[in-house]
Structures are given as C-alpha cells and as structure tokens.
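S.K.: build me a model:
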Amino acid sequence: MVFDTDEGTVFQIRPQHRNEEVREVIPADYGGVMVTDRARQFGTKLKELLRGSIQLWREKKHGDVADYGERVDQIEG
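M.R.: Below you'll find the predicted structure:
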C-alpha cells in the first residue's frame, strides 16, 4: 500500500490491507481525499523480486555462485 502527499510518501508491504492498517498511518481527522489504484500486479512483482534477491543472497552466503553477476543483472534489469 502506498500513501503519497506533497510532504511525503509511505510504503507498506503487508499480507493484508484493511481499514486498521490504513488508520495506523492516516489520522482519523485527515481532511484530504484518498485514492487507491489497488496495484496488485506491482505488489506481486515486488514480492517476487524480493524473494529472488533473498534466495540469491543466501546462495552467495553459503558458497560461491557461478552465475552471480548475471543473476544480479537480471534482478536489477
């Protein structure tokens, strides 16, 4: 979930996006307008990217990964 204003931006990565999570960030007396794009595809792709990055880090940590540079390039791609 992303909250964006002229003053700042807040990103939340959570398994659920309910009213309770929104209220943790947005005060009850907020007088502005809120809009959502429900960008599920972005969140799904980000989660996939993070999981792949963590897996590559673990492999690197436990031994030399022959194609490490190539895989990093794919992630950064």
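S.K.: Lys60 - how many residues pack around it?
M.R.: Lys60 has 13 neighbours, counted by other C-beta atoms under 10 Å. The C-beta positions use only the backbone N, C-alpha and C, and glycine is treated the same way.
S.K.: secondary structure class for Leu50?
M.R.: Judged by DSSP: H, G, I helix; E, B strand; the rest coil, the three-state class of Leu50 is helix.
S.K.: quick one, helices of this protein?
M.R.: 19-25, 40-62, 68-76 (DSSP state H).
S.K.: helices or strands next to the longest one in the packing?
M.R.: Here helix 40-62 touches helix 68-76, going by 3 or more C-beta pairs under 8 Å, 6 or more residues apart in numbering; DSSP states H and E.
S.K.: the helix it packs on: which residues count as buried?
M.R.: Under the neighbour-count criterion of 16 or more other C-beta atoms under 10 Å, helix 68-76 has Arg71 buried.
S.K.: now do it: distance to the chain's middle.
M.R.: In terms of C-alpha atoms, centre = their mean, to the nearest Å, the gap separating the centre of helix 68-76 from the centre of its chain is 19 Å.
S.K.: and for stretch 48-59?
M.R.: Its chain's C-alpha centre lies 14 Å from the corresponding centre of stretch 48-59 when counted by C-alpha atoms, centre = their mean.
S.K.: can you check stretch 30-47 too?
M.R.: 11 Å.
S.K.: and stretch 26-45, by the same measure?
M.R.: On C-alpha atoms, centre = their mean, the centre of stretch 26-45 falls 14 Å from the chain's centre.
S.K.: distance between the ends of that stretch?
M.R.: Its start and end residues considered, stretch 26-45 measures 26 Å (C-alpha to C-alpha, to the nearest Å).
S.K.: now do stretch 22-30
M.R.: End residues of stretch 22-30 are separated by 12 Å (C-alpha to C-alpha).
S.K.: that older thread, mind putting the helices of the chain in a markdown table, distance to Thr5 and mean pLDDT included?
M.R.: Formatted as a markdown table, these follow (distance: least, C-beta to C-beta, whole Å; pLDDT from 0 to 100):
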| stretch | distance to Thr5 | mean pLDDT |
| --- | --- | --- |
| helix 19-25 | 11 | 81 |
| helix 40-62 | 19 | 89 |
| helix 68-76 | 29 | 91 |
